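Colleague: what would the 3D arrangement of this be:
(4 chains)
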Number of protein chains: 2
Amino acid sequence: MSKIQHRNLYREVADRIRDLIEHGDLLPGERISEKHLCETFGVSRTPLREALKVLSSEGLVELLPNRGARVVQLTLKMVKDTYDLMGALEGLSGELACQEISDAEIERICELHEQMLSHYHKRELTPYFEVNKQIHERILMASKNEILQEMYSNLSQRVKRVRYSKKMTDSFWRQAVEDHENMVAALKKRDGKLLGQILRDHLCNKLEVASLSGVIEDEGKPMRMASS
Amino acid sequence: MSKIQHRNLYREVADRIRDLIEHGDLLPGERISEKHLCETFGVSRTPLREALKVLSSEGLVELLPNRGARVVQLTLKMVKDTYDLMGALEGLSGELACQEISDAEIERICELHEQMLSHYHKRELTPYFEVNKQIHERILMASKNEILQEMYSNLSQRVKRVRYSKKMTDSFWRQAVEDHENMVAALKKRDGKLLGQILRDHLCNKLEVASLSGVIEDEGKPMRMASS
DNA sequence: AAAAGGTATTATGAATTCAAAATTCTCACA
DNA sequence: TGTGAGAATTTTGAATTCATAATACCTTTT
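Modeller: Reported below is the predicted structural model:
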């Protein structure tokens, strides 16, 4: 692990800690040793502690007065709440996108949609998810609402480290693709209300939450994390 | 200005700075002098700087590398974006509330609604707004989604310091009350979809943004703030 | 008088130091 | 062997110090 560049130190440190959390190198519940992290990054406690404050207000770590910091332990409830929020934000992004998006960008999304369909028909799961993600990202960008984008990526970051088995049953998958067909249609018509509605109800989120049930230790109790 | 209590210093400092910003004692664009604030609060630079980091990730101040901090200067676009987001979050709160709320709490909201109607009929603007706010807050609480509540209050904080004249024309006001009638009806029926829809479209937000046009210096340019 | 260049001052970024709280360890005693 | 009081150690919270970047000031030159 290479030493950190000395520019905007606290921000770099925050980025690195985010990575550690996302990749499961820092486990939830586990106490974060300032000293240890300082040595790993080769920085003093000042920027490290500043980074922890930021991460705390991002909801990634929690600070216990006089007792240091720890990675937030997600519960099923918290993940559900987060996905509900992300759904609402995606809905808004759809509404706004219809007002703001350019014809060229609609065209680009249609192309991606075709690609996605192709992956669907060939049953190529990973590329399907990749293109799927890009479509959602492009709609989010098209909303031209930066605060929305920031909030969405913050929420996304919070739940990134949860690994669940995406049990893509055939009927689920068909439904998802159908949703996307409707999305593209709504986008072409620039029907914001409709696109928003579809995105809010898009089963992608619901599916993910549903599949969580299998990975959960116990309702209201901490969740199992990915170990990498 | 009394000295600060020495417990969770950075948090206290952040609270105090939030107040200063909200009340217009720290003006947008103006550089925040660390030294000055340290003296006012009677703390060292360490907790102050930690507080600034937090406020920065809350979107209240911006940090310029090697050039200190300043209060974020809101533009009309930023305020619009924020209100769009708040609308979406209120919509979600409505959907969730219908699933989670207790009959007693519905009853309580109905009472508040009656109060609000009474203020409306007597044309008591300030009490009307007060009760109105309480109703929205209670629906937000009823969603039982803490992250949603946090995000909403963060967004709310960002635009709090903008003072605009609420030009409550008669037709606007009547429409708002009608919206509330529909909201209460949807809540009683526990029709989440409907309540969400109403809240998203509720003209309260739109109205507020609309009235901003009068207070704005220039599109895309910084906004005039309240001076207190 | 205005502009340019260079020095002095100030403010910020980060490391270090100091104080206080929490944790661990030791050892007496049941 | 287990338990608890108290000392020693570690860790955190906050102030201070040090280094560097930005700003202000002052001189010099045209």
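
Colleague: which helix or which strand is home to the spatially most central residue of chain A?
Modeller: The centre of chain A sits closest to residue A:156, judged by C-alpha atoms, centre = their mean, with a distance of 2.1 Å. Assessed by DSSP states H and E, residue A:156 sits inside helix A:146-160.

Colleague: nearest spatial neighbour of residue A:96, skipping sequence neighbours?
Modeller: Distance criterion C-beta to C-beta, 6 or more residues apart in numbering or on different chains; nearest residue to residue A:96, sequence neighbours excluded, is residue A:143 at 3.8 Å. C-betas here are computed from N, CA, C, even on glycine.

Colleague: is DNA strand C contacted by stretch A:70-88?
Modeller: No. If you take C-beta under 7 Å from any atom of the strand as the test, stretch A:70-88 misses DNA strand C, and the best it gets is 11.0 Å.

Colleague: CA atoms of that stretch as PDB?
Modeller: Output of stretch A:70-88 as PDB, limited to C-alpha atoms (Å, rounded to 0.1, in the frame of the first residue of the first chain):
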ATOM      1  CA  ARG A  70     -16.100   2.400  13.700                       C
ATOM      2  CA  VAL A  71     -17.600   1.400  10.300                       C
ATOM      3  CA  VAL A  72     -21.300   1.600  10.400                       C
ATOM      4  CA  GLN A  73     -23.000  -1.700  10.700                       C
ATOM      5  CA  LEU A  74     -25.800  -1.900   8.200                       C
ATOM      6  CA  THR A  75     -29.100  -3.400   9.200                       C
ATOM      7  CA  LEU A  76     -31.700  -4.800   6.800                       C
ATOM      8  CA  LYS A  77     -33.900  -1.800   7.800                       C
ATOM      9  CA  MET A  78     -31.100   0.700   6.900                       C
ATOM     10  CA  VAL A  79     -30.600  -1.000   3.500                       C
ATOM     11  CA  LYS A  80     -34.300  -1.000   2.800                       C
ATOM     12  CA  ASP A  81     -34.600   2.700   3.800                       C
ATOM     13  CA  THR A  82     -31.600   3.500   1.600                       C
ATOM     14  CA  TYR A  83     -33.100   1.700  -1.400                       C
ATOM     15  CA  ASP A  84     -36.400   3.400  -0.900                       C
ATOM     16  CA  LEU A  85     -34.600   6.700  -1.000                       C
ATOM     17  CA  MET A  86     -32.600   5.800  -4.100                       C
ATOM     18  CA  GLY A  87     -35.900   4.800  -5.800                       C
ATOM     19  CA  ALA A  88     -37.400   8.200  -5.100                       C
END
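
Colleague: give me the element residue A:40 is part of.
Modeller: helix A:34-41.

Colleague: kindly report the residues of chain A close to DNA strand C.
Modeller: A:6-10, A:43-47, A:65-67.

Colleague: so among these, which ones count as buried?
Modeller: Burial by neighbour count, judged by 16 or more other C-beta atoms under 10 Å in any protein chain shown, picks out A:9-10, A:43, A:47 from these.

Colleague: can you put the residues you listed in a markdown table and add distance to residue B:171?
Modeller: Formatted as a markdown table, those follow (distance: C-beta to C-beta, whole Å):
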| residue | distance to residue B:171 |
| --- | --- |
| A:9 | 56 |
| A:10 | 51 |
| A:43 | 60 |
| A:47 | 55 |
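
Colleague: could you export those as CSV, including secondary structure and pLDDT?
Modeller: Shown next, in CSV, are those (DSSP: H, G, I helix; E, B strand; the rest coil; pLDDT from 0 to 100):
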residue, secondary structure, pLDDT
A:9, helix, 95
A:10, helix, 97
A:43, coil, 97
A:47, helix, 97
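
Colleague: can you tell me which of the residues you listed is closest to chain B?
Modeller: When these are compared for distance to chain B (C-beta to the nearest C-beta), residue A:10 wins out at 6.5 Å.

Colleague: separation between the closest one and residue A:55?
Modeller: 10 Å (C-beta to C-beta, to the nearest Å).

Colleague: swap in residue A:87?
Modeller: Counting by C-beta to C-beta - residue A:87 and residue A:55 are separated by 25 Å.

Colleague: equivalent analysis for residue A:174, please.
Modeller: Taking C-beta to C-beta, one finds residue A:174 at 40 Å from residue A:55.

Colleague: so for these two, which residue has more residues nearby?
Modeller: Neighbours per residue (other C-beta atoms under 10 Å in any protein chain shown) separate residue A:174 from residue A:55, with residue A:55 holding more: 24 against 11.

Colleague: pretty sure the more buried one is touching residue A:14, no?
Modeller: Yes. Counting by C-beta atoms under 8 Å, residue A:55 does reach residue A:14; the two are 5.8 Å apart.

Colleague: domains for chain A, by residue range?
Modeller: With domains defined by automatic domain parsing, chain A comprises A:9-71, A:76-215.

Colleague: re earlier: and the two most separated of the buried ones among the residues of chain A next to DNA strand C?
Modeller: Using C-beta to C-beta, those span at most 8.8 Å, a distance reached by A:10 and A:43.

Colleague: around chain B, pick out the residues from chain A.
Modeller: By C-beta under 8 Å from any C-beta of the partner chain, the part of chain A that sits against chain B consists of A:7-8, A:10, A:46, A:49-50, A:53-54, A:56-59, A:65, A:78, A:81-82, A:84-85, A:87-89, A:91-92, A:96, A:145-148, A:150-151, A:155.

Colleague: circling back to that earlier point, residues in contact with the residue nearest to the centre of chain A?
Modeller: With contacts defined as C-beta atoms under 8 Å, 6 or more residues apart in numbering or on different chains, the neighbours of residue A:156 are residue A:86.

Colleague: repeat that for residue A:101.
Modeller: Applying C-beta under 8 Å, 6+ apart, the residues near residue A:101 are A:139, A:142, A:187, A:190.

Colleague: go with 6 Å
Modeller: residue A:142 (C-beta atoms under 6 Å, 6 or more residues apart in numbering or on different chains).

Colleague: around DNA strand D, pick out the residues from chain A.
Modeller: Near DNA strand D, when you scan chain A using C-beta under 7 Å from any atom of the strand, you find A:31-35, A:45-46, A:49, A:63, A:65-69.

Colleague: return the member of those nearest to chain B.
Modeller: residue A:65 (6.0 Å).

Colleague: in a helix, that closest one, correct?
Modeller: No. Using DSSP: H, G, I helix; E, B strand; the rest coil, the secondary structure at residue A:65 is coil, not a helix.

Colleague: grab the nearest non-local neighbour of it.
Modeller: Of all residues not flanking residue A:65 in the chain, residue B:8 sits nearest, at 6.0 Å (C-beta to C-beta, 6+ apart).

Colleague: got it, and residue A:29?
Modeller: Nearest one to residue A:29, counting by C-beta to C-beta, 6+ apart, is residue A:73 at 4.8 Å.

Colleague: one more: residue A:58?
Modeller: The shortest distance from residue A:58 to any non-neighbouring residue, by C-beta to C-beta, 6+ apart, is to residue A:154 (5.8 Å).
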